[in-house]
Structure formats: C-alpha cells, structure tokens
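Novice: Quick one: sequence and predicted model below, then my questions.
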Amino acid sequence: MKKQMKRYIGSIVLGLAMATLGLWGQAYAGSCDIGQTCFFPLTNSNVTELNGAINVTVVWDNTGATTTLNVIYISGGPGTPGFINEFGYNSDTLTTSVNGVATEGGAGTWENANHVPANVDGFGSFASDYAVAPNQGIGPFSFSLAGLITNIPDNANGAQFVVHIGGWETGCSGFVSDGTSNDTSSNPSCGGTVPEPASLMLLGAGLAGIGIWQWAKRKSIQA
C-alpha cells in the first residue's frame, strides 16, 4: 500500500516537472480525456511586469471518478507570493469541495460562486468563479467537480482558467491566465520578476499533499 502511494505521488511530481520543463507533450487546449492528467500553464498576466514571468499551472486530473482541478504556483514574481485568492474556470459543472495545502495561514474558506458568469479583469467571462479571503496561503488548491468533464470551452478571450495571485512583500499582485487580457497595465511593485531555482522543490512538496489527498479519496471509494 505504501509503495502504491509513493508511485502515485511520484508520477504526479514527475509529470508536472516534465511539463514545466517542456518535456511533456502539451495538452490540446481546453480538453482532457478520461483517464488522463493534463497540464495548463497560466503565464499571461494583466500586469506588464508579471506577463510571461510567472507560472501558475492548472493540473486537470481525470484519472478518478470525477474531475479534479489542481491550482499550483510554480515560479516567478519578486520573491515568493503569499496567496492565491481567486480561481475562475469556464465550466458550468458544480464544484463540490475545495481542499488546500497552505504554506502560511490556513487553506481558507472558498466562496462557492458556481454558474455565476463573471468578467475577470480583462480575461473575459468565466462560467464559475471562486474567491477566498487574502493571506490564506499559496496552496496548492484542489477543486473537486461533481462530474467527469473532458472539455472546457474557450471564453471570448481564449481562456479556460484564471487565478489572482498576490501577497508578495513588495505589494505586487495580479491576474494570470491561459488567455489574453484586454486590460493590461504596469505595476512597479512587480518589477524584478525572475523564476526561482527552488520552485520545483516547492512544487514537489505541494503535489505530495495533493497526491496523498487523492490517494486517500480513491481508497475510500474502493472501500
């Protein structure tokens, strides 16, 4: 049983590390087949200094009975951010629960805003939108959906996902997505954005938390 859990966690960490380094085949935009795990890097920001200099990846996991969307900070920014406090995704499938592994504070209480189209700072309208009080940790956060979905359509700005990230010591914050923002502006507090060499270590620790939670969930279903 321990070996099975280790293999499961290891496969997630290795897969996302390969995706981050460009060694994994890019998933077709907006789709993920049953039994597959797909990776969607969010690198386009509405803040000039963060645009292309930060990576928050959504891991779309269809290996279980229902879809799970994992939101994971990878790298970038003037230091290490303090929180991710919004997540929008373009699907009308209900989200049944949100779990998080925070690096500071707690995971927070996410406000369920299913099926409420919301325009997110120039990135277009999303069918579902969540928000959490700030300073509750950087995650990763795991959103469990009510069903197994294989397609999330583009919105008018070519996006499926968007997050708001902030809490840097400089006061920097911004939205980042896989789409294009119609409202991009400069924020001097976000200057000096560079990828962090230790980001994959942070990634591994965070994904281990997600892996353990999903493994426990599957064991309970099998029981």
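Specialist: Noted; the coordinates are in hand.

Novice: Extract the C-alpha set from stretch 140-150 and format it as CSV.
Specialist: In CSV, the C-alpha atoms belonging to stretch 140-150 read as follows (Å, rounded to 0.1, in the frame of the first residue of the first chain):
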residue,chain,number,x,y,z
PRO,A,140,-1.9,24.1,-4.0
PHE,A,141,-5.7,24.1,-4.0
SER,A,142,-7.7,21.2,-5.3
PHE,A,143,-11.2,21.7,-6.7
SER,A,144,-13.4,18.6,-6.9
LEU,A,145,-16.1,18.7,-9.5
ALA,A,146,-19.5,17.0,-9.4
GLY,A,147,-18.8,15.1,-12.6
LEU,A,148,-16.2,13.9,-15.0
ILE,A,149,-15.6,16.5,-17.7
THR,A,150,-13.4,16.2,-20.8
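
Novice: let's have the chain start at 251 instead
Specialist: Fine by me, first position is 251 from now on; the one you just mentioned is stretch 390-400.

Novice: In that stretch, which residues are buried?
Specialist: P390, F391, S392, F393, S394, L395, I399 (16 or more other Cβ atoms under 10 Å). Where C-beta positions appear, they are placed from N, C-alpha and C, glycine not excepted.

Novice: Could you verify my assumption that the first one touches G350?
Specialist: When you say that, I think you mean P390. Yes: with contact defined as Cβ atoms under 8 Å, P390 reaches G350; the gap is 7.1 Å.

Novice: lowest-confidence helix or strand of the chain?
Specialist: Ranking every helix and strand in the chain by mean pLDDT, DSSP states H and E puts helix 252-270 at the bottom, with a mean of 43.

Novice: Which elements pack onto the helix or strand following that helix?
Specialist: If you walk from helix 252-270 toward the C-terminus, the next helix or strand you reach (DSSP states H and E) is strand 287-292. Secondary-structure packing of strand 287-292 (3 or more Cβ pairs under 8 Å, 6 or more residues apart in numbering; DSSP states H and E): helix 252-270, strand 304-311, strand 411-416.

Novice: Give the partner strands of strand 287-292 in its sheet and their orientations.
Specialist: strand 304-311 (antiparallel) (DSSP bridges).

Novice: and the partner strand with strand 411-416, angle?
Specialist: Between strand 304-311 and strand 411-416, the angle formed by their directions is 140 degrees, by axes from the mean of the first three to the mean of the last three Cα atoms, to 10 degrees.

Novice: Where do the strands of the protein begin and end?
Specialist: 287-292, 294-295, 304-311, 318-326, 333-339, 345-350, 368-369, 375-376, 378-381, 391-395, 411-416, 424-427 (DSSP state E).

Novice: and the ones you listed as TSV, adding distance to P403 and mean pLDDT?
Specialist: Formatted as TSV, these follow (distance: least, Cβ to Cβ, whole Å; pLDDT from 0 to 100):
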stretch	distance to P403	mean pLDDT
strand 287-292	14	96
strand 294-295	18	96
strand 304-311	14	97
strand 318-326	15	95
strand 333-339	11	90
strand 345-350	17	83
strand 368-369	16	86
strand 375-376	11	91
strand 378-381	13	83
strand 391-395	15	91
strand 411-416	12	94
strand 424-427	15	96
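
Novice: what's the most buried one of those strands?
Specialist: Among those, strand 424-427 has the highest mean neighbour count (mean count of other Cβ atoms under 10 Å), at a mean of 27.
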